[in-house]
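Q: please work out how this folds:
(2 chains)
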Amino acid sequence: MNGNPVEAMRVEAQRAVPAGEAGDDVDRGEEYVYSTSGCPTCGILLGGSLSEPPTSDDPEALRTQAEQLRGLASALDGGRARVEDIRARLDDLCPVCRATMDPRRARGTPDEVAGRLRTQAGLLEDRATAIERSSLYRP
Amino acid sequence: MKASAIKGLQVRPAGGEEVTGTVADLILDTDERRVVAVQVNRLENVEMYVLAAGDIEGISENGMTARRDAVLLPQEDAANYLTLPTFNRLLDQKAMTEGGDVLGKLADIDVNTDTWEIDGYGIVNNLAEDLAQGEHELSPDQVLSAGAHMLLVSPSGQA
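A: Numbers count the residues shown, from 1 in each chain, chains lettered A, B, ... in the order given. Modelled structure (predicted):
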């Protein structure tokens, strides 16, 4: 493990959940181990080990992700971050967050990127609301 | 696959035979150049729900399969999805350059159903030209924005 905690987390998380399988909650009888440093965005999904990979259908996680996206959009609006900073930030997410927050959004002008981030935040919030209102949801 | 062919497909849950509805419309994020969801009309009543593209397990000419654990968003919980442009709303709308030149009307959208990215916008000009040449396709890069009444196209989109 190198000295960069974010990089270490990313490497570990990607090893645990192969690319393209983030959010897949099929039990493969494995233990999914994540760095205790946690994902810089969702945090709550990481830390310790899990018998199943985290899914992106946890309303609290979805709302956290949406809040983070809105925060990044505000940082762009206020000139506190550049598009390259946002791209780097999204690139450092765990596989589950990457699946829903998608670093490919960070392209174009700051206004365009902020708009895309807000659109995606809105979609995540809709999903969280629908899950919470579902009769099957048990917090 | 053409958006017009996706519309009307029957939707089934993975591993199930029971049809839960039919695709009524496609919800588009034209900035992201992709289909983000489909609106599904339930068969038993008129109620509609939104099914995110990530919750679609498979699609063919015979129908669409939703993931076993798909989240079905009732319309009242899908406010943010429903603010985005849809295929039905854009269909037959003008494709116009920033300079005001009308290139034609939107006839269809070509969708990559593996990634749900928009591969192209099919534009038709007039009936005589359509019969002679068929629709001409604009790449998603050429579409600057899609509003309620038109597609705004970059000058390079001109035929």
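Q: beyond the helix or strand bottoming out on mean pLDDT in chain B, next helix or strand please.
A: One helix or strand of chain B scores below all others by mean pLDDT, DSSP states H and E: helix B:127-133, with a mean of 66. As assigned by DSSP states H and E, the chain's next helix or strand after helix B:127-133 is strand B:136-138.
Q: quickly find the element holding the residue of chain B at minimum distance from chain A.
A: Using CB to the nearest CB, the closest approach of chain B to chain A is made by B:Asn80 at 3.1 Å. Every residue, glycine included, has its C-beta placed from N, CA and C. B:Asn80 is part of helix B:79-82, with elements assigned from DSSP H and E.
Q: buried residues in that helix, which are they?
A: Neighbour-count burial for helix B:79-82 flags B:Asn80, B:Tyr81, B:Leu82 (criterion: 16 or more other CB atoms under 10 Å in any protein chain shown).
Q: what pLDDT, on average, does the following helix or strand past that helix get?
A: Next helix or strand after helix B:79-82 toward the C-terminus (DSSP H and E): helix B:87-90. Average pLDDT, helix B:87-90: 92.
Q: ok, then the element right after helix B:87-90?
A: Downstream of helix B:87-90 (by DSSP H and E), the next one is strand B:94-97.
Q: count the residues that sit near B:Gly54.
A: Using other CB atoms under 10 Å in any protein chain shown, the number of residues around B:Gly54 comes to 17.
Q: doesn't it lie inside a helix?
A: Yes. With DSSP: H, G, I helix; E, B strand; the rest coil as the criterion, B:Gly54 is part of a helix.
Q: distance of it relative to A:Leu62?
A: The gap separating B:Gly54 from A:Leu62 is 12 Å, by CB to CB, to the nearest Å.
Q: B:Gln10 now?
A: Remark: distance between B:Gln10 and A:Leu62 (CB to CB) = 29 Å.
Q: neighbour-wise, which of the two wins?
A: Under the neighbour definition other CB under 10 Å, B:Gln10 and A:Leu62 were set side by side, and A:Leu62 has more, 24 against 15.
Q: host element of that one?
A: Assigned by DSSP H and E, A:Leu62 belongs to helix A:59-77.
Q: and B:Leu84, how far is that from B:Lys94?
A: 19 Å.
Q: I misspoke; the intended subject was B:Tyr121.
A: 12 Å.
Q: that older thread, checking the residue nearest to the residue of chain B closest to chain A when sequence neighbours are not counted next. Helix, strand or coil?
A: Ranked by CB to CB, 6 or more residues apart in numbering or on different chains and with sequence neighbours excluded, the top spatial neighbour of B:Asn80 is A:Gly122, at 3.1 Å. Recorded secondary structure, A:Gly122: helix (three-state DSSP).
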